[in-house]
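Visitor: below is the structure, and that's it, no one-letter string:
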């Protein structure tokens, strides 16, 4: 069961409770499932009971207890535990199925992963002033709205309905990609910084981290091909070794200089991904459709930009476990880890494209 399928399963449980007369609410369009918070348990959690409590006129715990038996009986769900004020903590039959399903979905949909129909048939009229940031934001909104089935038009005239805080100076000297990021990454009410900080190749630069993560993933794919293996969704834990060729001895020559996140691979030491790295990465990838929908409905490309930083920060610590090191031979686990890394790269590339920014193969 993928996170998207889990969200649909929760929605189905709500719909059944409404049809059975146990809840008197409007069924929401979507339900968010996330990594369990402090005090939680299981693979995923949802606050849908808290979301529905007020309109249902019932305490959140009661709403959660109404939904729980309908979720426990669903295919792919092993157990559901109610914690705190009414959080539903969901344990799936097999965590490997969750990873495999998500990775396969992203691989199948490619750059269209996260696209939906939230704005299907709608025409969004954007009226902007003659100002560079407003023009750039509107251009990105046009692309993002299209991912949700809508169509956006851009006009200059009153009344203006899209007016971000103007850029303090011309961003053109930064170059296309950095100027796009400088204007799109801040929230519309924040004043953009037009400085050379957007150009430095350091971890302190969010744009560098996003583009570096994509370039590093592409480098891993090339190195894997040299070792004779390719990405294949499956369990991420270690499995039987495959005689696929000589082991890797470190990052490729065409990769960018290692940052803190890649130091382990650069020094030749290797450990499997920790239990916290994978859920965090899965959560960011699962969240991508919701973020795209929110960015489209709120005309807010900054939400997508910040999400890409979150994805990059989640995938970078995972990358040192992708390729075999030293005498280690490529295994099924390495194939699966490469598939997960490439899925993150697909999300990064798709998001950067919507912002009008290049996703580099090399950096």
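Guide: Nice, I can see it. Only a predicted model underlies this, so the values are computations on that prediction, with no experimental measurement involved. Numbers count the residues shown, from 1 in each chain.

Visitor: ok, residues contacting stretch 64-78?
Guide: 1, 5-6, 9-10, 12-14, 16-17, 22-23, 48-49, 79-80, 82, 86-88, 90-93, 97 (Cβ atoms under 8 Å, 6 or more residues apart in numbering). Glycine gets a C-beta too; all of them are placed from N, C-alpha and C.

Visitor: from residue 128, how far off is residue 162?
Guide: The gap separating residue 162 from residue 128 is 5 Å, by Cβ to Cβ, to the nearest Å.

Visitor: okay, those two: which has more neighbours?
Guide: A count of neighbours by other Cβ atoms under 10 Å puts residue 128 above the other of residue 162 and residue 128, at 22 against 19.

Visitor: OK, contacts around the more buried one?
Guide: Contacts of residue 128 (Cβ under 8 Å, 6+ apart): 134, 135, 137, 138, 154, 155, 156, 160, 162, 163.

Visitor: pull the contacting residues for the last one.
Guide: When you say that, I think you mean residue 163. Contacts here follow Cβ under 8 Å, 6+ apart; on that basis residue 163 touches 128, 129, 134, 188.

Visitor: can you tell me which of these lies nearest to residue 103?
Guide: Distance ranking of the contacts of residue 163 against residue 103, using Cβ to Cβ, places residue 188 first at 34.0 Å.

Visitor: centroid residue for the chain?
Guide: The structure's the chain has its C-alpha centroid closest to residue 285; by Cα atoms, centre = their mean the separation is 3.2 Å.

Visitor: need the overlap of contacts for residue 162 and residue 128.
Guide: Shared contacts of residue 162 and residue 128 (Cβ under 8 Å, 6+ apart): 134, 137, 138.

Visitor: among the residues you listed, name the buried ones.
Guide: Buried members of the shared contacts of residue 162 and residue 128, counted by 16 or more other Cβ atoms under 10 Å: 134, 137, 138.

Visitor: quick check, nearest of those residues to residue 336?
Guide: residue 137 (38.7 Å).

Visitor: confirm that closest one sits in a helix?
Guide: Yes. Counting by DSSP: H, G, I helix; E, B strand; the rest coil, residue 137 is found in a helix.

Visitor: the closest residue to it other than its chain neighbours: neighbour count?
Guide: Take residue 137 and drop its neighbours on the chain: the residue closest to it by Cβ to Cβ, 6 or more residues apart in numbering is residue 164, 5.4 Å away. As a burial measure, residue 164 scores 26 neighbours (other Cβ under 10 Å).

Visitor: shouldn't residue 164 be in contact with residue 133?
Guide: Yes. Between residue 164 and residue 133 a contact is recorded at 5.3 Å, counting by Cβ atoms under 8 Å.

Visitor: what sits in contact with each of the two?
Guide: Residues touching both residue 164 and residue 133 (Cβ under 8 Å, 6+ apart): residue 183.

Visitor: re earlier: just to be sure, which of the contacts of residue 128 are found in strands?
Guide: 154, 155, 156 (DSSP state E).

Visitor: you'd agree the first one is up against residue 139?
Guide: Yes. The pair residue 154 / residue 139 is scored as a contact, 7.5 Å apart, by Cβ under 8 Å.

Visitor: ok, these two, which is more surrounded?
Guide: residue 139 (19 against 16).

Visitor: what residues does that one make contact with?
Guide: Contacts of residue 139 (Cβ under 8 Å, 6+ apart): 154, 356.

Visitor: what's the end-to-end length of stretch 62-82?
Guide: Stretch 62-82 has its terminal residues 10 Å apart, counting by Cα to Cα, to the nearest Å.

Visitor: pull out the buried positions in that stretch.
Guide: For stretch 62-82, burial by neighbour count (16+ other Cβ under 10 Å) applies to 62-68, 70-71, 74, 76-77, 80-82.

Visitor: repeat that for stretch 324-341.
Guide: 324-325, 329-341.

Visitor: same question, stretch 33-49
Guide: 33-36, 40, 42-49.

Visitor: what's in contact with that stretch?
Guide: 3, 6-7, 10, 14, 28, 31-32, 60-61, 63-64, 67, 79-84, 86-92, 95, 98, 279-280, 282-283, 286-287.

Visitor: which among those residues count as buried?
Guide: Among the contacts of stretch 33-49, those classed as buried by 16+ other Cβ under 10 Å are 3, 6-7, 10, 14, 31-32, 60-61, 63-64, 67, 80-84, 86-92, 95, 98, 279-280, 282-283, 286-287.

Visitor: let's see which of those end up in strands.
Guide: 80, 81, 82, 83, 87, 88, 89, 90, 91, 92.

Visitor: list the contacts for the fourth one?
Guide: Just to be clear, that refers to residue 83. Contacts of residue 83 (Cβ under 8 Å, 6+ apart): 39, 40, 41, 45, 89.
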